[in-house]
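Chemist: Here is my input, please return the structure:
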Amino acid sequence: MTTRRQFLDRALALAALTGVPAKMWGAAEALGEPDLRIGVLSDIHLSHEHDVRSKTSPTKEMFIHALEYFRDRKVHGVLVCGDLANAGLVDELEMVSDAWFKVFPDGKLPDGTPVANLMHYGDHDTERRFYRKDRFEPMYAKKGLPIPESLSEGENRKIYWEKYFKEPWSPIRHVKVRGYDFVLGNFMRECPGTTPGLADFLAKLNPDPKKPFFYSQHRWICGTYLADEEMWGGDSGKNGPVLMKFPNAVAFTGHTHYMLTDDRIVWQDGYTQINAGSLLNAPCGRQRENGIDISWYKNDYMRDTQMKSLNAHQGHHGMVFSLKGDSAVIERRDFGCDLPVGPDLVFSLSSKSHTRANCEPASVAPEFPQGGAVSAVARAGKNRKGEAVDQIVVTFPVAAPTKDTPRALDYEVRAEKADGTLLKAKRVYSPGINLPPEKDAAKAVCVFARSEVGAGPVRFVVHPANCWRKAGKPISVAFEG
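Modeler: So this is what the prediction gives:
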C-alpha cells in the first residue's frame, strides 16, 4: 500500500523532473523538514475604528492567531505583502508591531530560532487618500484624543517602522533567510504600482541563478494569474518585465484579496508568481453570475446580474510556503475556521509549467454526488441592482471533494431548448467557494431572468467544473414555465 509520504516523494520527484504539478491533502506535513518554510499573508488591514482607545481589535486578534499558527509550524520568516494598516495611521502600525512581538518576542521562536520579519507596506499604509481626517477626527475627538499621525506624511513611513520594528527601513528591503534572498518592495506613494530602482537593485544583488530568490510587492503584477478573467488591482506594468530577466524569481503579491481556493493562484511563465490572498476577506472572481463587482468601476457590467456577489467577508486566507530543493509546497489555510481551504499544491520552480496547458490534462473533473438532482422554480425576485424581475431559480447540489474527485470551483448552467439549442449560459460559484469545503453549503443556485430564456419550455443543464474548466458529468431538469 502506498503511504502518504511515498506519494509525496513521487509528486516531488515528478514536479522536479517534469514540472507537472500535483495536489495532495497534508503534503506540507508529510514533507518533513524543508530547506525553507515561510508563513505568507497579505492585506491584514489592522484597524481599531470600533474603539480608538483600544490596543486591540478583531483584525489584530486574527493576525495574532495566524502568527501563532506560523510559530507552531516553526517558520523561518513571515511575509506580509502590504496593507498592514487599514488607513495608514501610525497607531495601526503600532498594533502590527505589538502583535508581531507578542508572538515572536525579540523576533524569535520559543526555542530561540530567529524568525525574519518580511513585512512591507501597501497602498493603504502609505497613500494619503486613505488618511480621511474628516472621518477620523470626530471619532478621536469623541474620545478626547487627537487624530494620530499618518504614515503618508513626510518620512513617517521610515521613522515609525524603525521605531516599532527596531530595524532599518528603505524603499526596497533585502533580507537573507537560510541563505535565500528576499527582496521586499514597499509601496511608494511617489510612484504607485512601481518599485523604483528594482532593476538596478537586482542587477547589483546578482542573485545566484542556480537557486530561487524571492520578491514581494503589494499590487498584482499585470498579466499574471487570472489576467484572462479580469483580475483587478494591477501595478504599473513596469515590474513584470524586470522579473522576466530572472527565471529563478518567485514573486508574491497581494492587493486583490482573491480567494486561495483556486489552484491558479500559482502562475508560471518566465518566472513564478503567487497570489498571497488576504487575511481580511476573500473575494471570489468575476465573470460569474454571483462574481464580484468592483466598487471603483463606474459602470461595471457585473452589476447587471440576477444574483448578489458572493460574501467576501466569510474568508480569512493565508498560506505556508515550503521549499525542498527545487520543489515547492503551498499549504492554503482559512484562519477564520482553522481548516485547509484545499489540498496542498506541489510544483517545480524551475520548469515553469504550472500553466493551463500542462495542468488541465493532468487534472480531474469534479462530479456531482450520486443521485444529485436539479430543480427549477419561477419566482418574483430582484436583480443585483434591486430591481423587480421575473426569475427562474435553478438549484443543484454542490460537488464536494471525494477521495477520487476534487471540489468544483464553479458550475456552468445552460438554458436550452428541447432540441439542445442554447438560449443562455452562465457560470456561478457555490455559496462557500471561498471557504474550506467542509464549510460550503450543500446546494448552490443560479438565477435567470425569465426574459433571458424567453417563453416556453426550457431545459437547464448543469456541469461542475474545476479551475481549468474541465467539466464533470451534467445533471439536468425540464422547466415547463
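Chemist: wait, doesn't Gly240 sit right on Ile221?
Modeler: Yes: counting by Cβ atoms under 8 Å, Ile221 is a contact partner of Gly240 at 4.9 Å. Placement of C-beta: from N, CA and C, glycine included.
Chemist: Looking at those two, which is more packed in?
Modeler: A count of neighbours by other Cβ atoms under 10 Å puts Ile221 above the other of Gly240 and Ile221, at 27 against 19.
Chemist: Does the more buried one touch Pro241 like I think?
Modeler: No: using Cβ under 8 Å as the test, Ile221 is too far from Pro241 to be in contact (10.0 Å).
Chemist: can you give me phi and psi for Val320?
Modeler: phi -120, psi 120 (degrees, to the nearest 10).
Chemist: nope, Phe63 is what I was after
Modeler: Dihedral angles (degrees, to the nearest 10) for Phe63: phi -60, psi -40.
Chemist: Buried residues, stretch 292-308. List them.
Modeler: Ile292, Met302, Thr305, Gln306, Met307 (16 or more other Cβ atoms under 10 Å).
Chemist: Make a markdown table from those residues and add distance to Gly456, secondary structure and pLDDT to it.
Modeler: A markdown table is the format used below for the buried residues of stretch 292-308 (distance: Cβ to Cβ, whole Å; DSSP: H, G, I helix; E, B strand; the rest coil; pLDDT from 0 to 100):
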| residue | distance to Gly456 | secondary structure | pLDDT |
| --- | --- | --- | --- |
| Ile292 | 33 | coil | 97 |
| Met302 | 29 | helix | 97 |
| Thr305 | 23 | coil | 98 |
| Gln306 | 19 | coil | 98 |
| Met307 | 24 | coil | 98 |
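Chemist: now, the most widely separated pair of those?
Modeler: Ile292 and Gln306 (15.3 Å; Cβ to Cβ).
Chemist: where in the chain is pLDDT low?
Modeler: 1-21 (pLDDT under 70).
Chemist: gap between the longest strand belonging to it and the chain center?
Modeler: Counting by DSSP state E, the longest strand found in the chain is strand 388-397. Centroid separation for strand 388-397 versus its chain: 30 Å, with Cα atoms, centre = their mean, to the nearest Å.
Chemist: which neighbours does it have in its sheet, and in what orientation?
Modeler: strand 375-382 (antiparallel), strand 443-449 (antiparallel) (DSSP bridges).
Chemist: got those strands as JSON lines, with distance to Val175 columns?
Modeler: JSON lines is the format used below for the strands paired with strand 388-397 (distance: least, Cβ to Cβ, whole Å):
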{"stretch": "strand 375-382", "distance to Val175": "51"}
{"stretch": "strand 443-449", "distance to Val175": "44"}
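Chemist: Now do stretch 141-156: distance from first to last residue.
Modeler: 23 Å (Cα to Cα, to the nearest Å).
Chemist: list the buried ones in it?
Modeler: Ile147, Pro148, Glu149, Ser150, Leu151, Ser152, Asn156.
Chemist: With distance to Val52 added, can I get those residues in a markdown table?
Modeler: Compiled in a markdown table, those are given as follows (distance: Cβ to Cβ, whole Å):
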| residue | distance to Val52 |
| --- | --- |
| Ile147 | 9 |
| Pro148 | 9 |
| Glu149 | 14 |
| Ser150 | 15 |
| Leu151 | 17 |
| Ser152 | 19 |
| Asn156 | 18 |
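Chemist: ok, these vs Asn466, which is closest?
Modeler: Leu151 (41.5 Å).
Chemist: Show the backbone phi and psi for the residue nearest in space to the middle of the chain.
Modeler: For the chain, the residue sitting closest to the mean C-alpha position, by Cα atoms, centre = their mean, is Gly277 at 2.3 Å. As for Gly277, its main-chain torsions (degrees, to the nearest 10) stand at phi 70, psi -150.
Chemist: Any figure for the gap between it and Gly318?
Modeler: 6 Å (Cβ to Cβ, to the nearest Å).
Chemist: Between these two, which contacts overlap?
Modeler: Leu41, Leu260 (Cβ atoms under 8 Å, 6 or more residues apart in numbering).
Chemist: Need the three-state assignment for the nearest residue to Val374 once chain neighbours are set aside.
Modeler: Of all residues not flanking Val374 in the chain, Val477 sits nearest, at 4.0 Å (Cβ to Cβ, 6 or more residues apart in numbering). Following DSSP: H, G, I helix; E, B strand; the rest coil, we place Val477 in the strand state.
Chemist: Can you report how many residues neighbour Val477?
Modeler: For Val477, using other Cβ under 10 Å, the count is 16.
Chemist: who does it bridge with?
Modeler: As for beta bridges, Val477 partners with Phe460 under DSSP bridges.
Chemist: ok, now Phe347?
Modeler: Ala328.
Chemist: Give the burial count for it, as a bare number.
Modeler: As a burial measure, Phe347 scores 29 neighbours (other Cβ under 10 Å).
Chemist: And for Pro406?
Modeler: 24.
Chemist: surely it meets Lys23?
Modeler: Yes: assessed by Cβ under 8 Å, Pro406 is found in contact with Lys23 at 7.4 Å.
Chemist: where do the contact lists of those two overlap?
Modeler: Pro343.
Chemist: coming back round to it: so which of the buried residues of stretch 141-156 are in strands?
Modeler: Going by DSSP E, the strands hold none of these.
Chemist: Inside helices: which ones of these?
Modeler: Cross-referencing these against helices under DSSP state H gives Asn156.
Chemist: and of the buried residues of stretch 141-156, the nearest to Val453?
Modeler: Ser152 (51.0 Å).
Chemist: Would you map the helices across the stretch 101-250 of the chain?
Modeler: 123-126, 133-142, 156-165, 198-205, 239-243 (DSSP state H, counting those that start in this stretch).
Chemist: Now render those helices as a markdown table, adding distance to His48.
Modeler: Below are the helices of the stretch 101-250 of the chain laid out as a markdown table (distance: least, Cβ to Cβ, whole Å):
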| stretch | distance to His48 |
| --- | --- |
| helix 123-126 | 15 |
| helix 133-142 | 10 |
| helix 156-165 | 15 |
| helix 198-205 | 34 |
| helix 239-243 | 33 |
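Chemist: winner for burial among those?
Modeler: Of all these, helix 123-126 carries the top mean neighbour count, a mean of 26, counting by mean count of other Cβ atoms under 10 Å.
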